[in-house]
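Q: Provided below are the primary sequence and the corresponding predicted coordinates.
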Amino acid sequence: MATLAAVTLVAGLSLTACGGDDGDSGSGGGDSSITMLPKNLGNPYFDTSTAGAEKAAEELDAEVEEVGPDTASPEAQVPFINTAAQQGVGGLIVSANDPEAICDALTEAMDAGVSVVTFDSDTNPECRDLFINQATAEGIAKVQVDLIAEQIGGSGEVAVLSAAANATNQNAWIEMMEAELETSYPDIELVDIVYGDDDDQKSFDQTAALLQAHPDLKGIISPTTVGIAAAARYLSDSEHKGKVALTGLGTPNQMREYVENGTVEAFALWNPEDLGYLAMYATKALVDGDIEGEEGDTFEAGDLGEYTVGADGEVLLGDPYVFNKDNIGDFDF
């Protein structure tokens, strides 16, 4: 949601923190139970992805338990990873708060026989068996840039309201957004990047600070479901409503009132329920030994159909989807 992503979110990071040599890949753990570890609890985006995982688990006759910290930090995720390994669960599904900081813990879990699958936000490939990607990083970055460019007329100052400063997916998207702006929209200037840490109040306050610091700001891109909702709430009750464009990644249920009242014209996302659903099917296939996480492996994912594992253990959900006033009423998540 954090919060539409998929993404080859692996940004050429050092492999040394992860270990992950020729040891146990984690496939075929001794327990069929699966632990789901989002970036943080109480996040509507991850609530939806967990609901998808629970639906898949019911179809697969598997057990899934959601655990996680209250705040989105890598340090807060490590104890939950360690506990899952100590409990001997079959699989661990995790949205990483940092690409490397949780690698040691994940590698130890894999060595203990746990199948490790990342979703939404990746680690270094050596630290897990599979990554369930929302869409390509390029596709997610481009759709947000195209939306803001269309809404501000192709020129002017824009800013980014991100999640945590070390969030893998956020940073990958922002880097590609900068490249896309430079290549396709030279008259748009990215004047600031701020971080709300996927905290509603902090994101709200950062929106206010952006508008104060940049009085000529024409648009804000927030590639996080918490951030875009908080920014929309601020704009909807301010003098900037209808003057400063806002787009990014959000869920229809969060954003519906702001689209309907004219605060937001359009935004994008994938279906996080489908992301969690796919992650559960992929993890169960690993746990059961039906796949090994190698490129070319195929597996069935219930209602979503068949998927193929790509390079670096990546499984791609699909393309981003744009929501606006014409279609937002057709969705409920």
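A: Looks like it came in fine.
Q: what's the pLDDT at the residue nearest the centre of the chain?
A: Nearest to the centroid of the C-alpha atoms of the chain, with distances taken as CA atoms, centre = their mean, sits Asp120, at 3.4 Å. At Asp120, the model reports a pLDDT of 92.
Q: Chain neighbours aside, what residue packs nearest to it?
A: Excluding the flanking residues, the one nearest Asp120 by CB to CB, 6 or more residues apart in numbering is Ser95, at 4.1 Å. C-beta: built from backbone N, CA, C; applies to glycine.
Q: Got the confidence number for that neighbour?
A: 97.
Q: For this protein, which residues score under the pLDDT cut-off?
A: Residues of the chain meeting the criterion pLDDT under 70: 1-31.
Q: can you give me the helices for it?
A: For the chain, the helices defined by DSSP state H cover 44-60, 74-87, 103-111, 137-152, 168-184, 200-213, 225-236, 252-260, 272-287.
Q: Quickly compare those helices and say which is most buried.
A: Across these, the average number of neighbours (mean count of other CB atoms under 10 Å) peaks for helix 272-287, which reaches a mean of 28.
Q: got the angle for that helix vs helix 225-236?
A: Orientation check (axes from the mean of the first three to the mean of the last three CA atoms, to 10 degrees): helix 272-287 against helix 225-236 gives 170 degrees.
Q: Format the CA atom coordinates belonging to helix 272-287 as PDB.
A: The C-alpha coordinates for helix 272-287 follow below in PDB (Å, rounded to 0.1, in the frame of the first residue of the first chain):
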ATOM      1  CA  PRO A 272      -3.300  -5.700  -2.900                       C
ATOM      2  CA  GLU A 273      -5.700  -8.500  -2.100                       C
ATOM      3  CA  ASP A 274      -4.600 -10.300  -5.300                       C
ATOM      4  CA  LEU A 275      -1.000  -9.700  -4.200                       C
ATOM      5  CA  GLY A 276      -1.500 -11.400  -0.900                       C
ATOM      6  CA  TYR A 277      -3.500 -14.200  -2.600                       C
ATOM      7  CA  LEU A 278      -0.700 -14.800  -5.100                       C
ATOM      8  CA  ALA A 279       2.000 -14.700  -2.400                       C
ATOM      9  CA  MET A 280       0.200 -17.400  -0.400                       C
ATOM     10  CA  TYR A 281      -0.200 -19.700  -3.400                       C
ATOM     11  CA  ALA A 282       3.500 -19.200  -4.300                       C
ATOM     12  CA  THR A 283       4.600 -19.900  -0.700                       C
ATOM     13  CA  LYS A 284       2.500 -23.000  -0.400                       C
ATOM     14  CA  ALA A 285       4.000 -24.300  -3.700                       C
ATOM     15  CA  LEU A 286       7.500 -23.800  -2.200                       C
ATOM     16  CA  VAL A 287       6.600 -25.400   1.100                       C
END
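Q: elements contacting that helix?
A: strand 34-37, helix 44-60, strand 91-94, strand 115-119, strand 130-133, strand 298-300 (3 or more CB pairs under 8 Å, 6 or more residues apart in numbering; DSSP states H and E).
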